[in-house]
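Participant: please find the sequence and the predicted model below.
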Amino acid sequence: MTPEFVRIASVIEPSESQRALASDLARLCDGRASAGSQDRIAYARDLWPKATYWAGLGKVPRPPDAICWPRDEKQLANVVAFARARKIPLIPFGAGSGVCGGAIALTGGITVDLKRMDRLRSVDHASRLFTAQGGIIGENLERELAAHGLSLGHFPSSIYCSTLGGWLAARSAGQLSTKYGKIEDMCQSLTAVLGTGELVKVRARPSNGPDFTQLLIGSEGTLGFITEATMFAVPQPATRAYRAVRFRTLEAGAEAIRRILRDGLRPAVVRLYDPFDTVIAGKGKTKFAATDEHHRDGIQVIQERAPLAAKLAVRAALGKPAALNRLADLLRECLLILVFEGDADLCSAEDEQALILCRELGGVDLGAAPARHWMEQRYAVSYKQSKMFAAGAFADTMEVCATWDKVLPVYRAVRQAVSPLGFIMAHLSHAYVEGCSLYFTFSATAPSPEEVVERYDAVWREALGAAMAAGATVSHHHGVGFSKAGRLHEELGSPGVNLLRALKRTCDPDGILNPGKLGLGGEA
Amino acid sequence: MSHDGMRPSSDPRRQREYAYCTACPKLCRFSCPVSEAERRETVTPWGKMEVGHQLETRQRPMDAASAEAVYACSDCGRCTEHCKHGNEVAPALVALRAEAVRAGVAPESITKLVDRFASHGSPFPTSLRQAAQKAGMRDDGTYFPGCTALAKQPNLVDDARAASEAVGMPLAVSPLASRCCGYPLWAAGHLQAFRAHAEGFAEAAREVPSLVVGDPGCAYTLSVLYPQVGVRTPEVRLWVDEVARRLPEHAGGKPVELDAAYHDPCHLGRGLGRYEAPRAILQHALGGKPFAEANDARNDAGCSGGGGVLPRTHPETSVEIARRQGEALGERATIVTACPAARRMFEKAGRKSLALETVLARFFGRESGD
Ligand SMILES: Cc1cc2nc3c(=O)[nH]c(=O)nc-3n(C[C@H](O)[C@H](O)[C@H](O)COP(=O)(O)OP(=O)(O)OC[C@H]3O[C@@H](n4cnc5c(N)ncnc54)[C@H](O)[C@@H]3O)c2cc1C
Ligand code: SF4
Ligand code: SF4
């Protein structure tokens, strides 16, 4: 199944059948359904960068036929029953921030927006649990929890534009995951409406038998709608300790992270930028002196001292990525950002110990300022996307993970594979005792839109192919959606795929839920 | 197909804003009261601004569906506060409304509003002149309460005058108060009519050195929007500033017993940068007792749903916005605000709301009463 892109101009007033569909749905969702043309355009795409690129040029993936906004599980179950009876696809939609085309309606159908279910239902201070509905936007959830002195500890870069249900559905990871875990580590139990229309309330972590909570997490809307979840909360941190360290090589920095985790330290944030990301993202500078800049703003240091040539080259050379990547090869030094949070004494002890480990590997202490600056600007990078796309280039990110023995081989393999096609940089983050995530950013442009899109596809093909061949997983936290579905099946192998299909048949016997995602389409 | 209504903007800033929003990961969406109330992607700042990009790239004409989206904004400015590009979504949407007007696809409620404006000189079917006269208009008066207060909340005007007098600033209503500032025309996208109205206002105000303006929306219009269309106005002095400045010297009064929560009006706060003066007044009137605020306040304050022309084009949405903001201010509190449109919205949402002017007049024992 490949997504068909249609001209926005062709998304005109709804047809008779679309109108009828919307009015049927409106009856089920107290009036909240639409087949209006601007609504269908707005729900035609999520934030899959390929779709963003096309939107700039006036094309969207084929829109859904109608959109509905159920208020509660009962209405949702009625929508499922309605769609089952007519074999109409249902596409769960959180906030549409997914970057793999997971919420696009490949074959039309009904997009089900879950954001009317957006309440923080209860907070249990004694057990440090809270229950919230799936449609709540992350930033709103954090603000509400903060009023209770709590936090989920989950801060994806998309926190402003994604939902709790979407996080669970796509196995999201936040910037503080090294301390607090990924979303699947934060979920105690959940409620879902399956593709059968049944409401299931999965019990809290079972002491025996399979864990159905974990079965639904990561199912990306192919098995059911996650309507509510009980999550583990953490207290608002009492203090934070910030540390930035410069390493002469990426290898040294990666080894430092490995030892930090091995020794039981738990920084909330661990980010090691490769040499070019170190310069470009404005997080450090290959040659800046350490101690005298402790109290200065990191970005100021970059602006004053980063080579102008490197900055200009980025703009000029996106069309000649190989040259730009060769320039990147000349750079060596890397910046490691560490942030500890929680109890003051513990933070400072962990910070001290981490610094000792870093120094053993030649790390040079840059003080707190660059790390504090990173924290203050931690969502700013997402704004850069607009400028790239408006300039006719594309930018995308690929996040995979690997065990420590494979982290650097994966890094090198992906860089080598992508270098002729697009500009590439990376950082390591989301660290574990056994490995970490590698987060690649690539961008490129080409003379014509068609060539840009060809280039985009080629970059992904080469990058993910090289990563998996070198031992990485298909994804770490962006999910699979439509765009990586084939690769997921490669990773699962045929017994895994069979199990997945069996699950699909059980939870969604008519195959109406999010067809084409996770490579599950046309099962029924 | 007809290309009617497909007119790209000639302003490069707007072109860039439409393009940036279209390619943006909807980063300000959580801050938009309209999309939060409706939970509809189409009315996120991203969705609304994409309509502009569709026009720029000649993908779609401005039609009724597009017009519906670009009117779904309360001009609260909160998204701009969260946009690192500084995109001014609200005025960019007004520019698109002008296209909707030109293409003849603006919502019917807008046509009605503009017709009423043409016949009454304001959005209300009331004679503002009579209302101003009743409120104490004098030839040398400098107080400009705004037409919402005059037409819908006349005791607010009395209270504002009484409280001003108590702080040593007797105010009479200016003859200019019998004119609306024209904000509804701007927000409706009738930009030529707005400019003509502003010119008429400026002409009538030629001899007036300054006005003490009560309604933050009017103050914003006169001091920010008029200059944008090349019209000079009298100096705008805000009622809250003038009163707050004089309060310390006129401390006498009886603390008001009120479980109060303060709501920052969008045009007063984000629009004109006034956060302290209204708080100082409320604090004073409560005898120093604390009052509640929403968790999101000041430059990140939520909206009452009363701005722009939203209550006319999307009445249910604007009430839902007021309901949500009321909830954020605390279920039981009386909502005190310095904006008559906000007060109206809170009352429509079933909340008790008082004008800041009234609370201060009550402190001085001079409240006019309903
Ligand atoms: C700028 C930017 C930065 C990002 N940064 C991060 C990051 O730091 N970490 C990270 O993990 N991700 C990140 N992402 C990816 C994205 O935010 C996540 O995948 C997120 O989990 C999607 O949530 P959503 O609510 O937007 O879901 P959507 O995009 O609406 O949906 C995602 C998938 O889940 C399904 N779905 C949505 N809600 C439900 C539900 N309630 N029940 C069942 N299925 C559902 C959809 O059908 C779809 O398949 C980023 C994206 C962007 C654009
Ligand atoms: S206003 Fe700014 S943050 Fe909001 S959608 Fe547009 S570009 Fe993004
Ligand atoms: S100005 Fe306010 S209502 Fe309008 S788009 Fe921005 S946040 Fe939404």
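Facilitator: Happy to help now that I have it. Ligands and ions are numbered 1, 2, ... in the order given.

Participant: neighbours around residue 160, how many?
Facilitator: As the question left the chain open, I've gone with chain A. Neighbours of A:Tyr160 under the rule other C-beta atoms under 10 Å in any protein chain shown: 22. (Glycine included, C-beta is placed from N, CA and C.)

Participant: actually chain B
Facilitator: The number of residues packed near B:Ala160 is 27, by other C-beta under 10 Å.

Participant: the helices in the stretch 151-300 of chain B, which residues?
Facilitator: Applying DSSP state H, counting those that start in this stretch to the stretch 151-300 of chain B gives helices spanning B:154-166, B:183-188, B:191-204, B:216-220, B:226-228, B:239-246, B:276-285.

Participant: I'd like to know which of those is closest to ligand 3.
Facilitator: helix B:183-188 (10.7 Å; C-beta to the nearest ligand atom).

Participant: the closest one vs ligand 3: in contact?
Facilitator: No. Taking C-beta under 6 Å from any ligand atom as the criterion, helix B:183-188 and ligand 3 are apart, separated by no less than 10.7 Å.

Participant: what pLDDT, on average, does that helix get?
Facilitator: For helix B:183-188, mean pLDDT is 98.

Participant: test my guess that A:Val57 contacts B:Glu56.
Facilitator: Actually, residue A:57 is Leu. It isn't Val. No. Look at A:Leu57 against B:Glu56 with C-beta atoms under 8 Å: they stay out of range, at 11.4 Å.

Participant: more crowded one of those two?
Facilitator: More neighbours surround B:Glu56 than the other of A:Leu57 and B:Glu56, with 19 against 16 (other C-beta under 10 Å).

Participant: tell me who's in contact with the residue in chain A that ligand 2 sits nearest to.
Facilitator: Nearest residue of chain A to ligand 2 (C-beta to the nearest ligand atom) works out as A:Ser386 at 5.5 Å. Going by C-beta atoms under 8 Å, 6 or more residues apart in numbering or on different chains, A:Ser386 touches B:19-21, B:23-24, B:85.

Participant: turn those into TSV, columns for neighbour count, secondary structure and distance to ligand 1.
Facilitator: As requested, these are exported to TSV (neighbours: other C-beta atoms under 10 Å in any protein chain shown; DSSP: H, G, I helix; E, B strand; the rest coil; distance: C-beta to the nearest ligand atom, whole Å):
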residue	neighbour count	secondary structure	distance to ligand 1
B:Ala19	22	helix	17
B:Tyr20	23	helix	14
B:Cys21	28	helix	14
B:Ala23	24	coil	11
B:Cys24	29	coil	9
B:His85	16	coil	14
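
Participant: just those residues that are near ligand 3?
Facilitator: Of the contacts of A:Ser386, not one also sits near ligand 3 (C-beta under 6 Å from any ligand atom).

Participant: residues of chain A that sit close to ligand 1?
Facilitator: Contact residues, chain A versus ligand 1 (C-beta under 6 Å from any ligand atom): A:46-47, A:91-99, A:102-103, A:114, A:134, A:156-158, A:162-163, A:165-167, A:169-170, A:172-173, A:220-221, A:225-226, A:382, A:477-479, A:481, A:514, A:517.

Participant: any idea which element A:Asp510 lies in?
Facilitator: Under DSSP states H and E, no helix or strand contains A:Asp510.

Participant: how close does it sit to A:Arg86?
Facilitator: 10 Å (C-beta to C-beta, to the nearest Å).

Participant: thinking again about what came up before, closest one to A:Val193 out of the contacts of A:Ser386, please.
Facilitator: B:Cys24 (31.4 Å; C-beta to C-beta).

Participant: list the contacts for the closest one?
Facilitator: A:383, A:385-386, B:46.

Participant: try it again at 10 Å.
Facilitator: Residues counted as contacts of B:Cys24 (C-beta atoms under 10 Å, 6 or more residues apart in numbering or on different chains) are A:47, A:52, A:161, A:382-383, A:385-387, A:389-390, B:44-46, B:49-50, B:83-85, B:87.

Participant: which of the residues you listed fall within helices?
Facilitator: A:52, A:385-387, A:389-390, B:45-46, B:49-50 (DSSP state H).

Participant: distance to A:Glu350 and pLDDT added to those, as CSV?
Facilitator: Below are the ones in helices among the contacts of B:Cys24 laid out as CSV (distance: C-beta to C-beta, whole Å; pLDDT from 0 to 100):
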residue, distance to A:Glu350, pLDDT
A:Thr52, 39, 96
A:Gln385, 34, 91
A:Ser386, 37, 93
A:Lys387, 37, 90
A:Phe389, 40, 91
A:Ala390, 42, 88
B:Pro45, 40, 98
B:Trp46, 40, 98
B:Met49, 44, 98
B:Glu50, 46, 97
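
Participant: only the buried subset of those, as a ChimeraX command please.
Facilitator: In ChimeraX, this line selects whichever of the ones in helices among the contacts of B:Cys24 come out buried by 16 or more other C-beta atoms under 10 Å in any protein chain shown:
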select /A:52,385,386,387,389,390 /B:45,46,49,50
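
Participant: ok, back up a step: how near is the residue of chain A closest to ligand 2 to ligand 1?
Facilitator: Between A:Ser386 and ligand 1 the distance is 11 Å, computed by C-beta to the nearest ligand atom, to the nearest Å.

Participant: which ones are touching whichever residue of the stretch 101-250 of chain B sits closest to ligand 2?
Facilitator: Going by C-beta to the nearest ligand atom, ligand 2 is nearest to B:Ala187 of the stretch 101-250 of chain B, at 18.4 Å. If you count contacts by C-beta under 10 Å, 6+ apart, B:Ala187 has them with B:71, B:73-75, B:90, B:93-94, B:97, B:110, B:113, B:123, B:194, B:217, B:221, B:225, B:307-310, B:312-313.
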